[in-house]
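J.: here is a sequence together with a model predicted from it:
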Amino acid sequence: MLEQAQTTADVTELMTGIGRNARAASRPLAVASTAAKNAALEAMAKAILADRDQILAANAIDLAHARESGLAGSFIDRLTLTPERIDAIAAGIRDIAAFKDPVGDVIAEWDRPNGLHIERVRTPLGVIGVIYESRPNVTADAGALCLKAGNAVILRGGSDSLNSSRAIHACLVRGLKEAGLPEHAIQMVPVADRAAVGAMLSGLDGSIDVIVPRGGKSLVARVQNEARVPVFAHLDGLCHVYVDRSADLDMARSVVVNSKMRRTGICGAAETLLIDRAAAGTHLAPLLAALKDAGCEVRATNEIRALVPGLEAAAEKDWSTEYLDAIISVALVDGVEGAIAHINRWSSAHTEAVIAQDQSVAARFFAEIDSAILLHNASTQFADGGEFGMGGEIGIATGKMHARGPVGVEQLTSFKYRVRGTGQVRP
């Protein structure tokens with residue numbers, strides 16, 4: 001592939017060629033055997049482990065550039081690879097190999113009175129474009145998931161992670177070749193030019209069937225505004241935790257701190273804590289103390305600040321802010337009804353959690369909130385395809401069409417109908 005493209009025309013020509021190659025590769029990939037796909041995935045995992053030092057060296061270059069550019073700590077964390085994270089990347093690919101192949105799976109079947117037998121069967125989407133920013137592990141996750149689902153994929157990583165992603169991508173291509181699958185099944189855009197993103201959003205002359213953006217708000221907003229093909233995406237991860245008066249305090253303390261502080265820079269990190277006003281006397285101070293002890297800045301309403309001195313004041317914009325940092329906004333609400341009202345006003349429909357021993361509270365929370373992921377007595381940080389047992393994810397989708405929540409191998413398929421008859425004609 002070309003390493004540099006000097007003009008928009010160069011980028012357009014480059015991307016058109018990538019699109020054609022992906023479409024050509026998608027055809028044999030759609031009918032590839034499970035054994036061949038799994039062999040490729042296993043070879044990819046082995047190649048990543050064998051190239052650990054080269055991948056770390058490439059990542060060191062990206063990290064040095066990121067630090068020189070003064071990028072935020074949360075960004076640096078997402079960009080950083082360690083030997084343990086590389087091991088996890090390889091393990092994730094093997095997990096995907098072990099997952100059930102969705103292609104050809106009969107979702108439903110039925111017989112009609114006229115004798116026709118109808119089946120709804122999973123089929124690959126075709127060619128998927130993935131546009132992402134600083135996470136080099138997405139290169140492996142997206143490539144492996146798309147392959148397992150029988151799709152060709154075009155990967156456009158961020159310029160900040162380009163060296164790391166290239167090193168990982170080289171391992172994926174080796175795996176494809178070793179298994180006898182088309183090497184263009186997983187392609188990586190080799191230039192950082194933003195025109196490449198625009199070309200992908202145009203659909204590359206019909207070559208791309210779906211776009212999946214994975215990154216910050218500005219990237220996702222651009223994709224959603226400009227894409228001429230369907231998009232699986234979420235714009236913000238404004239995740240909430242509601243602590244009910246019936247919540248066990250020790251459980252609430254553990255879940256709240258983990259939801260916010262395990263990894264603050266991921267989309268499943270809690271950004272707002274809502275506490276039942278009836279539990280303020282028992283739960284409020286201990287929960288806020290636990291967050292502060294964990295290093296979290298608390299921004300609270302004036303009502304809370306009167307009860308617990310020394311807190312930052314929450315402004316209205318805090319309820320709509322995805323911090324992706326060790327900051328949380330906190331408010332008291334009138335029971336589950338108040339929590340539902342707040343969440344339905346401010347949520348981005350990503351992930352919400354309720355901590356309650358009262359099962360009727362959890363049932364109402366689940367029924368009246370329409371976010372993609374709802375949890376009862378568990379951390380919002382479980383909003384992840386791997387944690388769902390889906391063999392990893394390519395992202396989280398908050399739309400209501402086709403894919404919603406973690407986008408795993410099943411969500412990377414469509415379906416078709418197979419209708420079998422014995423000579424029937426329609427009167």
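T.: Yep, it's here.

J.: which parts of the stretch 201-350 of the chain are strands?
T.: 210-214, 239-243, 270-276, 297-300, 312-313, 327-333 (DSSP state E, counting those that start in this stretch).

J.: would you single out the least confident of these?
T.: With a mean of 91, strand 210-214 has the lowest mean pLDDT of these.

J.: which of the strands of the stretch 201-350 of the chain sits closest to Gly395?
T.: Shortest distance between Gly395 and the strands of the stretch 201-350 of the chain, using C-beta to C-beta, is found for strand 210-214: 4.6 Å. In short, each C-beta sits where N, CA and C put it, glycine included.

J.: with distance to Asn377 as added columns, please give the strands of the stretch 201-350 of the chain in JSON lines.
T.: Formatted as JSON lines, the strands of the stretch 201-350 of the chain follow (distance: least, C-beta to C-beta, whole Å):
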{"stretch": "strand 210-214", "distance to Asn377": "29"}
{"stretch": "strand 239-243", "distance to Asn377": "11"}
{"stretch": "strand 270-276", "distance to Asn377": "14"}
{"stretch": "strand 297-300", "distance to Asn377": "22"}
{"stretch": "strand 312-313", "distance to Asn377": "28"}
{"stretch": "strand 327-333", "distance to Asn377": "18"}
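
J.: out of those, nearest to Gly386?
T.: strand 210-214 (14.5 Å).

J.: can you pull out the helices in the stretch 1-150 of the chain?
T.: 8-30, 34-50, 52-68, 73-79, 83-98, 137-148 (DSSP state H, counting those that start in this stretch).

J.: can you tell me which of those helices is packed in deepest?
T.: helix 137-148 (a mean of 28; mean count of other C-beta atoms under 10 Å).

J.: in stretch 395-415, what's buried?
T.: Under the neighbour-count criterion of 16 or more other C-beta atoms under 10 Å, stretch 395-415 has 395-398, 403-413 buried.

J.: ok, which of the strands of the stretch 201-350 of the chain comes nearest Pro124?
T.: Evaluated over the strands of the stretch 201-350 of the chain, closeness to Pro124 peaks at strand 210-214, with 10.6 Å, by C-beta to C-beta.

J.: can you list the neighbours in contact with the closest one?
T.: The contact list for strand 210-214 (C-beta atoms under 8 Å, 6 or more residues apart in numbering) reads 125-126, 128-133, 135, 138, 142, 200-201, 219-220, 223-224, 227, 229-233, 394-395, 407.

J.: now with 6 Å, please.
T.: 125, 128-132, 138, 219-220, 223, 227, 229-233, 394-395 (C-beta atoms under 6 Å, 6 or more residues apart in numbering).

J.: in this structure, what helix or strand scores lowest on average pLDDT?
T.: Across the helices and strands of the chain, mean pLDDT, DSSP states H and E gives its lowest value to helix 73-79, namely a mean of 82.

J.: what bridges to Gly405?
T.: Beta-bridge pairing of Gly405 under DSSP bridges involves Ala397.

J.: any idea how far Ile275 lies from Ser246?
T.: 12 Å (C-beta to C-beta, to the nearest Å).

J.: who has more neighbours out of those two?
T.: Ile275 (26 against 18; other C-beta atoms under 10 Å).

J.: show me what contacts the closest residue to the more buried one other than its chain neighbours?
T.: Ranked by C-beta to C-beta, 6 or more residues apart in numbering and with sequence neighbours excluded, the top spatial neighbour of Ile275 is Val243, at 4.8 Å. If you count contacts by C-beta under 6 Å, 6+ apart, Val243 has them with Ala252, Ile275, His283, Ile355.

J.: in the protein, what spans have low per-residue confidence?
T.: Within the chain, the segments meeting pLDDT under 70 span 1-6, 391-392.

J.: am I right that Thr351 is in contact with Leu238?
T.: No - assessed by C-beta atoms under 6 Å, Thr351 is found out of contact with Leu238, at 9.1 Å.
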